[in-house]
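> Sequence and predicted structure, then a few things I'm wondering about:
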Amino acid sequence: QVQLVESGGGLVQAGGSLRLSCAASGRTFGSFGSYSMGWFRQAPEKEREFVASISWSGGSTYYAGSVKGRFTISRDNAKNTVYLQMNSLKPEDTAVYYCAARKWGMGSSSDDYDFWGQGTQVTVSS
């Protein structure tokens, strides 16, 4: 099976920073470097929304307008890990953050992704 395990969530004050990690593993996962990775988030009573994605090589990234300039997605293929550096956090960033994997091409829709983690809670206090 495939496992994506997020970590790094927590409680932070507005204006603070957090770094999320997502480690991928699994016998059927194959090469981590052949997957584009994405981060999504879901706030209470809201739909899951796209946050950021990164290509299989790390050479291309794409961000939602609400986080552009504040969040940075990166990956380390040697460690099978993708990161989300979140700076200048706002209360409206409060949500459960999920990482997801998609074979080859990047995507910004939940439907584009094949594998999902369980999520990590991020809470930003005002």
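Good, I have the coordinates.

> and the residue sitting nearest the centre point of the chain, what helix or strand is that in?
Nearest to the mean C-alpha position of the chain, counting by Cα atoms, centre = their mean, stands residue 39 at 2.4 Å. Assigned by DSSP states H and E, residue 39 falls within strand 35-42.

> go on, residue 23?
Going by DSSP H and E, residue 23 is part of strand 18-25.

> got the CA positions of that strand in PDB?
Taking C-alpha atoms only, strand 18-25 is exported to PDB below (Å, rounded to 0.1, in the frame of the first residue of the first chain):
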ATOM      1  CA  LEU A  18       5.100  26.500  10.600                       C
ATOM      2  CA  ARG A  19       6.800  23.900   8.400                       C
ATOM      3  CA  LEU A  20       4.700  20.900   7.400                       C
ATOM      4  CA  SER A  21       6.300  17.700   6.100                       C
ATOM      5  CA  CYS A  22       4.800  14.800   4.300                       C
ATOM      6  CA  ALA A  23       6.800  11.500   4.100                       C
ATOM      7  CA  ALA A  24       5.800   9.000   1.400                       C
ATOM      8  CA  SER A  25       6.300   5.200   1.600                       C
END
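
> ok, so what distance separates the nearest residue to the residue nearest to the centre of the chain once chain neighbours are set aside from residue 25?
Nearest non-adjacent residue to residue 39, counting by Cβ to Cβ, 6 or more residues apart in numbering: residue 51, 4.3 Å away. (Glycine included, C-beta is placed from N, CA and C.) Separation of residue 51 from residue 25 (Cβ to Cβ, to the nearest Å) stands at 22 Å.

> next one: residue 31
Residue 31 is 12 Å from residue 25, by Cβ to Cβ.

> mind listing the strands in this structure by residue range?
3-7, 10-13, 18-25, 35-42, 49-54, 61-63, 71-76, 81-86, 95-103, 115-116, 120-125 (DSSP state E).

> picking that back up, give me the pLDDT value at the residue nearest to the centre of the chain.
Looking at residue 39, its pLDDT stands at 98.
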